[in-house]
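S.K.: Give the three-dimensional model of this entry:
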Amino acid sequence: MTPKVSIVIPVYNSAKYLCECLDSIVAQTFSDWEVVAVDDGSSDESPAILDGYAARDERFKVIHKVNGGVSAARNDGLDAARGEYVLFVDSDDWLSADALRALSEATSDGAVDVAIADHWLWKENGCESVHRFFANEFSTDSADVIRDIQRMVLYKGYSPFPSPSCSYMFSALWSKLIRRTLLVDNGIRFSGALKLYEDGLVALQVFEHAKTVAYKQEPVYHYRVLNNSLCHINEQRLVTDCANIVREIEAFIQANGNDVALRDAFMARVLFLTKKMALRSFFSKDAQGSFFGRFKAFKKIFATEPYCSAVKNAAKLKLCGNERTYGKLVGRGLFFATALMYELRTKIRR
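M.R.: Purely as a prediction, here's the structure:
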């Protein structure tokens, strides 16, 4: 019998958190699910933990493979999934007990392509906060609204129903229950070329093809922020990763009609990425070399496309929060003031 929901979980050396994740699924008030867990060549106790759950509950399927990265693991999990809908879950996170019930109800018995719900942000100091993606619940088949939701994947300022507590995590797939055939029939796959934002590129494709989208204003997912996670690491490699993100998004936009509205949101994402590079690479606490050398490398980025165009258009972009100040500074060519501000910020926080 085909389950309503397939939960795809890529697993790599997650033994410390894995049981909490899997137990939260077993405890669901909604029982029509299967888990497809992909052990991506783990060297810790993760494979044994997965096999133990599979031995006790036939709804667990486990795939053991040689390490190939999170994108390949998710693709393998999607290939093995058989549910009407797919939910991607990270192995160090966990679900609320009513998560699948809430998301399933939002699909209106299969009439909705994508169902979205809210999340908690959990930090290692034990603090947890609720973030709501939209100001109100909705179910829509409006192409204009869905296009705005797609723009929001690139930058939250383009939301059709702005929420003051919306986080920057809307591009993540763990908040979205997606019709499996939408992914399969449209050949949507995770890109092995990306180390970051691989979720976002898939989400852009999902909303390109989605005809109906619903949102349930209920937090269902506990997202764990780890200081050593790929999304939060301070490395010079971030510059290369951001360049790859920009290239992949640019290719997607060009392949799908070069939509002007989507390109504006892309420019906002580009500026967001330059700010991220400034804080986590050029002027982070682990940055190497002299300040002036790092400043020159930072400024050099803005001489290339699409960073140059993003700066020129900064004033008209729908920037939020700190990005508004950042956009004003770089939009006026005040690169040195921006660099000095972030350098001092880092020194004060050490």
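
S.K.: which residue is nearest the centroid of this protein?
M.R.: Residue closest to the average C-alpha location in the chain (C-alpha atoms, centre = their mean): Ala172, at 2.5 Å.

S.K.: Tell me where the chain has strands.
M.R.: 5-11, 33-40, 60-65, 85-88, 94-95, 114-123, 128-131, 138-140, 176-179, 213-225 (DSSP state E).

S.K.: Gly289: how many residues sit nearby?
M.R.: Gly289: 11 surrounding residues under other C-beta atoms under 10 Å. The way it works is simple: take the backbone N, C-alpha and C, and place the C-beta from them, glycine included.

S.K.: any idea how far it is from Ala193?
M.R.: 28 Å (C-beta to C-beta, to the nearest Å).

S.K.: Which one of the strands of the chain lies nearest to Pro306?
M.R.: strand 176-179 (26.8 Å; C-beta to C-beta).

S.K.: That closest one pairs with which strands?
M.R.: strand 85-88 (antiparallel), strand 114-123 (antiparallel) (DSSP bridges).

S.K.: give the contact list for the residue nearest to Val184 when sequence neighbours are not counted.
M.R.: Of all residues not flanking Val184 in the chain, Leu78 sits nearest, at 7.6 Å (C-beta to C-beta, 6 or more residues apart in numbering). Neighbouring residues of Leu78 by C-beta atoms under 8 Å, 6 or more residues apart in numbering: 8, 86, 180, 183-184, 189.

S.K.: what's the weakest-modelled helix or strand in the protein?
M.R.: None of the helices or strands of the chain scores lower by mean pLDDT, DSSP states H and E than strand 128-131, at a mean of 89.

S.K.: Export only the CA atoms of it, formatted as PDB.
M.R.: Provided in PDB are the C-alpha atoms of strand 128-131 (Å, rounded to 0.1, in the frame of the first residue of the first chain):
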ATOM      1  CA  GLU A 128      14.300  28.200  20.800                       C
ATOM      2  CA  SER A 129      12.200  30.600  18.900                       C
ATOM      3  CA  VAL A 130       9.200  30.200  16.600                       C
ATOM      4  CA  HIS A 131       9.400  31.700  13.100                       C
END
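
S.K.: how about that strand: buried residues?
M.R.: His131 (16 or more other C-beta atoms under 10 Å).

S.K.: So which elements touch it?
M.R.: In terms of contacts (3 or more C-beta pairs under 8 Å, 6 or more residues apart in numbering; DSSP states H and E), strand 128-131 is packed against strand 114-123, strand 213-225.

S.K.: Ser108 contacts Ser139, doesn't it?
M.R.: Yes - the pair Ser108 / Ser139 is scored as a contact, 6.7 Å apart, by C-beta atoms under 8 Å.

S.K.: Quick check: neighbours shared by those two?
M.R.: Ala214.

S.K.: Which one of those two is surrounded by more residues?
M.R.: Neighbours per residue (other C-beta under 10 Å) separate Ser108 from Ser139, with Ser139 holding more: 15 against 12.

S.K.: Would you mind measuring from the closest residue to that one other than its chain neighbours to Val184?
M.R.: Distance criterion C-beta to C-beta, 6+ apart; nearest residue to Ser139, sequence neighbours excluded, is Ala214 at 4.0 Å. Distance, Ala214 to Val184, using C-beta to C-beta: 21 Å.

S.K.: Between the two, which has more neighbouring residues?
M.R.: Applying other C-beta under 10 Å to Ala214 and Val184 shows that Ala214 carries more neighbours, namely 22 against 14.

S.K.: follow-up on the earlier one: just the residues contacting the least confident helix or strand of the chain, thanks.
M.R.: With C-beta under 8 Å, 6+ apart, strand 128-131 has contacts from 118-122, 165-167, 169, 219, 222.

S.K.: Any regions of the stretch 1-150 of the chain where pLDDT drops low?
M.R.: Across the stretch 1-150 of the chain, nothing is flagged by pLDDT under 70.
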